[in-house]
Structure formats: structure tokens, C-alpha cells
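> Can you look at this prediction? I've put the sequence above it.
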Amino acid sequence: MSGDTHAMPLRQGTTFSDEAVPEVDPTTTAGLLSERLQAWKHAVVYLEDYVGAVEKVHKAHAKEYEKVLKTISHPLREGAHFDQGLGGVAGFFENMRVNTQAMINSNAETEKTLKGSVLPILERLHKEIKAKHKEVTHGVEKGAKEIDKARNNTQKHIELLGQHAAAFESTGGRMNPSDDPYIIQRGVLHRLSKQVVEENNHRNDLINIQDSFKAFEVHVVQIVQQAMDGLSQVAGGQAEKTRALYTDMLGAAQRIPGDFEWNGFVTREGYRLVDANDPPRNVDAIAFPNQDHNSTKALVEGSLERKSRNKLSWGTQSAYYVVTPSKYLHEFKDDDNVRYDPKPELSIYLPDAVIGAPTGDKFHIKGKDKSKSFSSKLTGTSELNFKAHSAAEAQKWFDAIRIAAGATGPAYESQPASPVASGHGSASDAGSKGGKIDTAHAGQDVGITGEDTVSSPTAMSPTVTRQNTVKDTAAAGEKKATA
């Protein structure tokens, strides 16, 4: 055993010493028992507060579950997509609404049951403990007062006995009968007997109170157990019910077959779904307004090789060219309409262009690029040299371009500058040559040259005007001679 010793607490106030007037407070035991009752009362108050808080929690839960219910209280948006019968998503949400409403009702009923059944048990126990405390306190206080009164009387006679015993020595035994120490000593015994009776009565009262405490505490514990049993049945039962409700919601979700909604949707709306057996769409099979309008049919189209407009480069580049009824010659990278939006990289308005007659498989056009591309802004008017796959192919392109340009006369090779325009030669030569050009231009909407590069129609206009003047002068002279 350890060398340390623990002194056991001494019980004070349950017995009295052999002294006539003990120094022990007779209310010590009563005070201890009263304090114990206070402890039990506070324990019951704790339980009351606990049950009251649980009651408030369930009341709050009922309100909170009302908020939960509001989240699914409205019909499903686009609900027509779901089967409205049982066993589907719509039925599952209806199950959730019913179970959530049951949770609201369950919490409200729990709150009422706790307030009406469990709390009253603890409140009654609280009153019993309070009454017991009052009984113990008042009974002990009354006995303590009687003891104090008896002790004071005894103490006075003991003091009186001491005074007269001392006077007996000084007076030589001569005293009044009432002051005789013998009589006073008997009075002390008389009062002491009454004090002892009061003390013993008080002791018996304390013993009875102590004995009743055991039974009373058994009663208190039993009532506490009863209250907790009620709390467990009400609150615990509500928790089990909540669990069962959530389990039922889970079951409603798990019972939905994975393809239930889709199969129902296909049955209801199958006529609006894509038929997998239908062939895919083909652009060639699609018709749209003005698809076959004359303005959409190319006069000629195909691949040609063209020499680059960049003087520093050499060789030719192949591209896809189209002559349209709108009198344009368009250049594209290729004839693919799928990968890229077909935007011309070159567009020449043929009526404004100068077209050279083909030489073998080659021909050339001089005109302004109107495609509004970046390169068109840099180059302006330029001569384009083309090469077809064959001479016949070149002639086909040339004929289509003549038709688009509106030219009707024969193509001609480029001529040297007019003598009249240069200031040399006779008037008759100028007239004859001017007439050839006029003849050529009179039947054409656009100048057509040979293989060599010639000036644009705008540049040739002053020369043609001068030749026409010479021609008119010669005609006037002949008329005068005849006259």
C-alpha cells in the first residue's frame, strides 16, 4: 500500500458531545441536506431546459422543413417531358413532397408532445423537490430555534451558579434561599434536561429526514428516468420516422428504371425525333429559291494557269476561274464550296477590260481588279496572262469572255501608233488607218487586241478623235472638188 494516508471526512452535527453546551452548529446537517436538495433541484432544472430546447428545435425544424418543401412545391419546369404516372421522375418528386410534409407534421407533433407530456413530468418533480427543501428547511429551523432557546437558558443558570458559588465562599454560607447554589444547581439540571430533550428531538428529526432522503432520491431518479424514457420515445421516435421517410424517398428514386423516362418520351414524342433510318441530307438533293436562275449559271468555268502579277516572280500558278452572266471573271483558289466560304481573290469586270485574242493555248486580259481585296488595292489595273490546257480550251474561254464583254467584231492584233497621232504620214493614210480602228471599235463594246500589250481604250481615245478629224477634212475636200 502507498505510504500516503487519506483522512476520512468526519461527520459533524449528527451527534452531540458530552459538553453541556456543544460548540457544534445544530444546523450543519440540515444545511448539508438542504444543499443536497438544491443540487437535485438544479439537476432537474437542467433537464427541463434541455427538453425545452429540444422542443424548440423541433418547432424550428418544422418551420425549416416548410422552407425545404417550398423548393419542390411547384410543378417541374418542362414537366411535359416526364411521365406523369407513378414510377417515374414526376412520381418521385410527388413522393418527396409527401414525405417532406410528413417531416413537418412529425416535428410539429414532437414539439407538442414534449411540451405536453415530458416537460410536465420534470416540472412536477421540480415542485416536489422544492416542497421537500421547504419542509426540511422550516422543520430544522424550528428545532434549531428551540435548541438555541434551551441552551441560552441553561447557559444563564450555569453562569448564575458560578456567581453564587463564588459568593458562597465570601459570605461564609449566608445566602438567600433563592440564591442557594444547591437550588440553582438543580435549576441547571432542569433546564439542561429540557435542552437535551430538544436536542434529541432535533436529532430524531434529522434522522427521519435522512432516512426519508434515500426514498425521496429513489423517487427523484425514477421520475428522471420516466422523463428520459418519454423524451427518447418522442424525440427518438421522431428521428426514426425521419430516417424512414428519407429511406422511402431513396427507395422511390431507386425504383425508377434507367430507361423508363426515355422510353416514355420516345412513345409520346417519337414523331418529333430524328429517325435513325432516314438517310443523311445531301447538298445535291437540296433545292432553294433561284437555285437555277440564269444569273447563277457560269458561262465557262475551270482551272487555268496564270502568270503572277509580281514582276519579281516567274512561272505560273493554277487557280479556278469562272465567267459569270454578270460579266465578271472571278478567280478562286479551287471549286470547293464546303471547307471555305468562296470569296473571289480576283474579280475583273469584262466590259471595262481589254481582251487579247488567243495565241495557241494562251490569252491575256488587261483590266482592273474589283474584288476589294488587299492585293487589288496595291495593283490597280494590270495585265493578266493566262494559259489553258489546250488551244481549243483557250478559244472556248476567249469566246465566253467576248460574249460576257459584249464584243461582236473580230479580234485584232495590236497596231502601232497612228502617224496622225505621232505627227507623221499623209491624211489619207491616217484616214484609212483610222477607219480600220473605227471599224473595229464600231462593232465592239470593248477593245480586243492581239498578243502584244496595247493601250487601254481610255488611252487610245485622243488618237481616235484626231483620226476622225483628219477623215472628216479629206471628205470635205473631195466634195469641194466635185462641186
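In hand now; what should we look at?
> Listing request: residues of the stretch 151-300 of the chain with sub-threshold pLDDT.
Within the stretch 151-300 of the chain, the stretches with pLDDT under 70 are 171-175.
> All the helices of it, residue numbers only.
Under the criterion DSSP state H, counting those that start in this stretch, the stretch 151-300 of the chain contains helices at 181-231, 237-254, 260-269.
> What residues does the nearest residue to Val89 once chain neighbours are set aside make contact with?
Spatial nearest neighbour of Val89, excluding adjacent residues (CB to CB, 6 or more residues apart in numbering): Phe82 at 4.5 Å. (Glycine included, C-beta is placed from N, CA and C.) Taking CB atoms under 8 Å, 6 or more residues apart in numbering, we find Phe82 in contact with Leu76, Gly88, Val89, Ala90, Glu261, Gly264.
> let's see it at 6 Å
Listed by CB atoms under 6 Å, 6 or more residues apart in numbering, the contact partners of Phe82 are Gly88, Val89, Ala90, Glu261.
> Please report how far it lies from Gln101.
Remark: distance between Phe82 and Gln101 (CB to CB, to the nearest Å) = 21 Å.
> Check the gap between the closest residue in space to Ser390 that isn't next to it in sequence and Glu66 for me.
Closest residue to Ser390 in three dimensions, ignoring its sequence neighbours and counting by CB to CB, 6+ apart: Asp361, at 5.6 Å. As for Asp361, its distance to Glu66 is 90 Å (criterion: CB to CB).
> Same question for Pro325.
From Pro325 over to Glu66 the distance is 76 Å, taken as CB to CB.
> middle-most residue in the chain, spatially?
Nearest residue to the geometric centre of the chain (CA atoms, centre = their mean): Thr71, 15.8 Å.
> related to what we said a few turns ago, the residue nearest to Ser390 contacts Ala394, correct?
Yes. A contact is recorded between Asp361 and Ala394 when judged using CB atoms under 6 Å, the distance being 4.7 Å.
> Show me whatever sits in contact with both of these two.
Counting by CB under 6 Å, 6+ apart, the residues touching both Asp361 and Ala394 are Ala388.
> Neighbour count: these two, which is higher?
Ala394 (21 against 18; other CB atoms under 10 Å).
> ok, that one touching Gly360?
No. Applying CB under 6 Å, one finds Ala394 not in contact with Gly360, separated by 7.0 Å.
> where are the low-confidence patches of the stretch 1-150 of the chain?
In the stretch 1-150 of the chain (pLDDT under 70), the answer is 1-27.
> same thing but 50
1-17, 22-26 (pLDDT under 50).
> Please enumerate the strands of it.
Applying DSSP state E, counting those that start in this stretch to the stretch 1-150 of the chain gives no strands.
> Secondary structure element for Gly302, which one?
strand 300-307 (DSSP states H and E).
> So what are the sheet partners of that strand and their directions?
strand 316-323 (antiparallel), strand 381-387 (antiparallel) (DSSP bridges).
> Please report how far the residue nearest to the centre of the chain lies from Arg97.
On the measure of CB to CB, Thr71 and Arg97 end up 10 Å apart.
> swap in Val197?
Taken as CB to CB, the span from Val197 to Arg97 is 79 Å.
> again with Lys41
Applying CB to CB, the value for Lys41 to Arg97 is 47 Å.
> Looking only at neighbour counts, state which of the two leads.
Lys41 (19 against 12).
> Hmm, that one is touching Lys127, no?
No. Lys41 lies out of contact with Lys127 (CB under 6 Å); the separation is 9.8 Å.
> At which residues are the helices of the stretch 301-450 of the chain located?
Counting by DSSP H, counting those that start in this stretch, the helices of the stretch 301-450 of the chain are 374-379, 391-405, 419-422, 427-442.
> for the second one, packing partners?
Applying 3 or more CB pairs under 6 Å, 6 or more residues apart in numbering; DSSP states H and E, one finds that helix 391-405 makes contact with strand 316-323.
> let's see it at 7 Å
Counting contacts by 3 or more CB pairs under 7 Å, 6 or more residues apart in numbering; DSSP states H and E, helix 391-405 packs against strand 300-307, strand 316-323, strand 354-356, strand 362-368.
> for those strands, which one ends up most surrounded?
Stretch with highest mean neighbour count among the helices and strands packed on helix 391-405: strand 354-356 (a mean of 26; mean count of other CB atoms under 10 Å).
> Quick check: mean pLDDT of it?
The average pLDDT within strand 354-356 is 89.
> Can you give the strand pairings for that strand, parallel or anti for each?
Short version: by DSSP bridges, strand 354-356 pairs with strand 362-368 (antiparallel), strand 448-449 (parallel).
> Number of residues surrounding Ala404?
Neighbours around Ala404, by other CB under 10 Å: 23.
> Any figure for the gap between it and Tyr320?
Taking CB to CB as the measure, Ala404 falls 17 Å from Tyr320.
> Then Val196?
Note on Val196: its distance to Tyr320, by CB to CB, is 138 Å.
> One more: Lys362?
Per CB to CB, Lys362 is found 18 Å from Tyr320.
> which residues sit against stretch 121-137?
Stretch 121-137 has contacts (CB atoms under 7 Å, 6 or more residues apart in numbering) with 30, 33-34, 37-38, 40-41, 44-45, 47-48, 51, 209, 216, 220, 223, 226-227, 230.
> Filter those residues down to the buried ones and hand me the ChimeraX line.
Buried residues within those, by 16 or more other CB atoms under 10 Å, are selected in ChimeraX with:
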select :30,33,34,37,40,41,44,47,48,51,209,216,220,223,227,230
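> for Asp361, phi and psi?
For Asp361, the backbone dihedrals (degrees, to the nearest 10) come out as phi -100, psi 20.
> show me what contacts it?
Asp361 touches Lys387, Ala388, Ser390, Ala391, Glu393, Ala394, counting by CB under 7 Å, 6+ apart.
> Now render the residues you listed as CSV, adding pLDDT and distance to His164.
Formatted as CSV, the contacts of Asp361 follow (pLDDT from 0 to 100; distance: CB to CB, whole Å):
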residue, pLDDT, distance to His164
Lys387, 91, 165
Ala388, 92, 167
Ser390, 92, 170
Ala391, 92, 174
Glu393, 93, 168
Ala394, 92, 170
